[in-house]
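Novice: turn this into a model:
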Amino acid sequence: MRVSGVEMRKRQAAHIEAPPQAPGQPRPNTCCLCWCGCCKCLWNEERMERNERQTCTMMDSIDAADEQRPSLEELLSWARSFDMMLRSFEGREIFREFLRSEYSEDNLLFWLACEELKKETNPSVVDEKARIIYEDYVSILSPKEVSLDSCVREGINQSLAEPSNVMYEEAQLQIYTLMHRDSFPRFLNSSVYRDLLASRRRTCLDT
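Specialist: Next up is the predicted model:
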């Protein structure tokens, strides 16, 4: 509905002469062509809704991009290299999901904890992290004990007197070998990996 110039001036005058609003209370809907964004007129509401739709569209695009990760090329590269899969965040997460189904997730968690320990140079932090790893994965009282042979376990026990950032290196290699030779081939033949691979191939064909 068109508003005459007279009517517009009346509304503007009423807006100017109106008593001040109490703090926290919304302003009355006094105009239909709000240019300052200060009121709740229809034009301003439509502008806000339009901005919200643009923001939602942007977030949907980001979500859609995230859903396409890992890419088909990256998935195929994992089948060629266990190390490449371990270097990929998505690869570790998907492999971890598979290991959880086989009740061997702790092997990967132990390997990752050892990787973090090797990066530490602060002696006090090394000491703390080394003991946490021992209590979590190596001690016979640990709820997440990993499969280590007796010789490796004994070497770790002796290293506890003077912890270092490489004290679990032999144990880490043993768990790495176990995952590589035992768990990884089953992972590549599992529904976790094959279904994801098939999904990425369908996506590539659709595009």
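Novice: which residues of the chain fall in helices?
Specialist: According to DSSP state H, the chain carries its helices in the segments 5-17, 42-67, 72-80, 82-87, 89-101, 105-119, 123-133, 150-159, 169-178, 184-188, 191-206.
Novice: go through those helices and name the closest to K144.
Specialist: Smallest distance to K144 across these (C-beta to C-beta): 4.3 Å, for helix 105-119. From N, CA and C alone the C-beta is placed, and that goes for glycine too.
Novice: for the residue lying closest to E170 once chain neighbours are set aside, give me its contacts.
Specialist: Nearest residue to E170, sequence neighbours excluded (C-beta to C-beta, 6 or more residues apart in numbering): V152, at 5.4 Å. Counting by C-beta atoms under 8 Å, 6 or more residues apart in numbering, V152 makes contact with E170, A171, Q174.
Novice: I'd say the second one and L117 touch.
Specialist: Translated: A171. No - between A171 and L117 there is no contact under C-beta atoms under 8 Å: 11.1 Å.
Novice: now stretch 121-140: buried residues?
Specialist: V126, D127, K129, A130, I133, Y134, D136, Y137, V138, S139 (16 or more other C-beta atoms under 10 Å).
Novice: mind listing what's buried in stretch 76-90?
Specialist: Burial within stretch 76-90, assessed by neighbour count using 16+ other C-beta under 10 Å, is assigned to S77, W78, F82, M85, L86, S88.
Novice: which one of the residues you listed is nearest to A198?
Specialist: Set against A198, the nearest of these by C-beta to C-beta is W78 (14.6 Å).
Novice: for R92, see how far away that closest one is.
Specialist: W78 is 10 Å from R92, where distance means C-beta to C-beta, to the nearest Å.
Novice: mind listing the shared neighbours of these two?
Specialist: Counting by C-beta under 8 Å, 6+ apart, the shared contacts of W78 and R92 are M85.
Novice: how much space separates D149 from L173?
Specialist: Counting by C-beta to C-beta, the gap between D149 and L173 amounts to 12 Å.
Novice: more neighbours, those two?
Specialist: Higher neighbour count among D149 and L173: L173, with 13 against 10, using other C-beta atoms under 10 Å.
Novice: got a list of what the spatially closest residue to E74 that is not a sequence neighbour touches?
Specialist: Computed as C-beta to C-beta, 6+ apart, the closest residue to E74 that is not its neighbour in sequence is S88, at 6.4 Å. Taking C-beta under 8 Å, 6+ apart, we find S88 in contact with P70, E74, W78.
Novice: the second one touches E90, doesn't it?
Specialist: Read that as E74. Yes - E74 lies in contact with E90 (C-beta under 8 Å); the separation is 7.3 Å.
Novice: quick one: the buried residues of stretch 121-140 as TSV, columns for pLDDT and distance to E162 too.
Specialist: Converted to TSV, these look like this (pLDDT from 0 to 100; distance: C-beta to C-beta, whole Å):
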residue	pLDDT	distance to E162
V126	97	10
D127	97	9
K129	97	14
A130	97	10
I133	97	15
Y134	96	13
D136	95	20
Y137	96	20
V138	94	16
S139	91	18
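Novice: residue ranges in this protein under the pLDDT threshold?
Specialist: For the chain, applying pLDDT under 70 flags the ranges 1-68, 207.
Novice: if we go to 80?
Specialist: Where the chain drops to pLDDT under 80, the residues are 1-69, 145, 206-207.
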